[in-house]
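Visitor: Give me the fold of what follows.
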Amino acid sequence: LFKDEVSRGPAVLSEDGKEQLMFEVALNDTGSAGLGVSLKGNKSRETGEDLGIFIKSIIHGGAAYKDGRLRINDQLVAVNGESLLGRSNHVAMETLRRSMSQEGNLRGTIQLVVLRALQYTRISPFLYSHREPESRLGHLL
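Guide: From the prediction side, this is the model:
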């Protein structure tokens, strides 16, 4: 079994068909190095409305890289039980920073809930097979 399969449990789908996943990520020894991800805030082109915080890149050797479950373009929707949904990108980033500096350092882990776009692979004109991003990407990030 992959580490991801053990801790993940059944998938929850959001209204737009994204998979909701919860991960408890062990931070590096002191926690001061952080999660080891670069984040981006997306905005609506039409309205300028903030659309959430997404993982832009995963830093080699960082906590997220070592854990191996977070993926580029995952949307962060909660951190340590605190929802980021409905907040401006700025406030969501501040919430994440605060959780990393306070709770993360004390517990040595951070709990993240992410939304991930499902990937489907076409295998015939009439059949589609759900394919987990983990099985295709492995730990190459």
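Visitor: what are the C-alpha coordinates of the longest helix belonging to the chain, in PDB please?
Guide: Taking DSSP state H as the criterion, the chain has its longest helix at helix 89-99. As requested, the backbone C-alpha atoms of helix 89-99 are provided in PDB (Å, rounded to 0.1, in the frame of the first residue of the first chain):
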ATOM      1  CA  ASN A  89      -6.600  35.300  -0.900                       C
ATOM      2  CA  HIS A  90      -4.600  37.700   1.400                       C
ATOM      3  CA  VAL A  91      -6.600  36.600   4.500                       C
ATOM      4  CA  ALA A  92      -6.300  32.900   3.500                       C
ATOM      5  CA  MET A  93      -2.500  33.300   3.200                       C
ATOM      6  CA  GLU A  94      -2.200  35.000   6.600                       C
ATOM      7  CA  THR A  95      -4.300  32.200   8.100                       C
ATOM      8  CA  LEU A  96      -1.900  29.600   6.700                       C
ATOM      9  CA  ARG A  97       1.200  31.500   7.900                       C
ATOM     10  CA  ARG A  98      -0.300  31.900  11.400                       C
ATOM     11  CA  SER A  99      -1.100  28.200  11.600                       C
END
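Visitor: buried sites along stretch 25-45?
Guide: For stretch 25-45, the neighbour count (16 or more other CB atoms under 10 Å) marks Val25, Leu27, Gly31, Gly34, Leu35, Gly36, Val37 as buried. In this view, the C-beta of every residue, glycine as well, is placed from N, C-alpha and C.
Visitor: What sits closest to the second one if chain neighbours are left out?
Guide: Going back to what we said before, that points to Leu27. Using CB to CB, 6 or more residues apart in numbering and skipping the chain neighbours, the partner closest in space to Leu27 is Ala63 (5.0 Å).
Visitor: If I follow the layout properly, Leu96 ends up in contact with Ile55?
Guide: No: if you go by CB atoms under 8 Å, Leu96 and Ile55 don't touch, sitting 11.3 Å apart.
Visitor: thinking again about what came up before, out of the buried residues of stretch 25-45, which two sit at the greatest distance?
Guide: Maximum pairwise distance among the buried residues of stretch 25-45 (CB to CB): 14.2 Å, between Gly31 and Val37.
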